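> need a 3D model of the following:
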Amino acid sequence: MIAKGKLRGEKIAYKDGVGCCVWYPFTAASDSDEDTGICFDFSTDDIDDFIALLRALKEAEPDKCVD
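Numbers count the residues shown, from 1 in each chain. As a prediction, the model looks like this:
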């Protein structure tokens, strides 16, 4: 497991290819069990697209919330 701030991630080789999972743990930071949480699974083929998307989101102006 890789930890960066509140996020956790793994890269796993399966029979049909390599996949990744990124998640926010359900547990508090002081809890040693961080294996469960809100997660998103994706192929390693998509990592460059995710990096580009996150960089674009970081720099983008936010849309205004309309009630």
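
> okay, and the closest residue to residue 33 other than its chain neighbours sits in which element?
Leaving aside its chain neighbours, residue 33 sits nearest to residue 27 (5.5 Å; criterion: CB to CB, 6 or more residues apart in numbering). Placement of C-beta: from N, CA and C, glycine included. Using DSSP states H and E, residue 27 maps to neither a helix nor a strand.

> contacting residues for residue 27?
Shown in contact with residue 27 (CB atoms under 8 Å, 6 or more residues apart in numbering): 33-34, 36-37.

> which residue is nearest the centroid of the protein?
Ranked by distance to the mean C-alpha position of the chain (CA atoms, centre = their mean), the top residue is residue 22 at 3.1 Å.

> tell me the secondary structure at it.
strand (DSSP: H, G, I helix; E, B strand; the rest coil).

> who is it paired with across the strands?
Beta bridges link residue 22 to residue 9, residue 40 when assigned by DSSP bridges.

> before we move on, the earlier item: okay if I get the contacts of residue 27 as a markdown table plus secondary structure, neighbour count and pLDDT?
Below are these laid out as a markdown table (DSSP: H, G, I helix; E, B strand; the rest coil; neighbours: other CB atoms under 10 Å; pLDDT from 0 to 100):
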| residue | secondary structure | neighbour count | pLDDT |
| --- | --- | --- | --- |
| 33 | coil | 9 | 71 |
| 34 | coil | 16 | 76 |
| 36 | coil | 11 | 77 |
| 37 | strand | 15 | 83 |
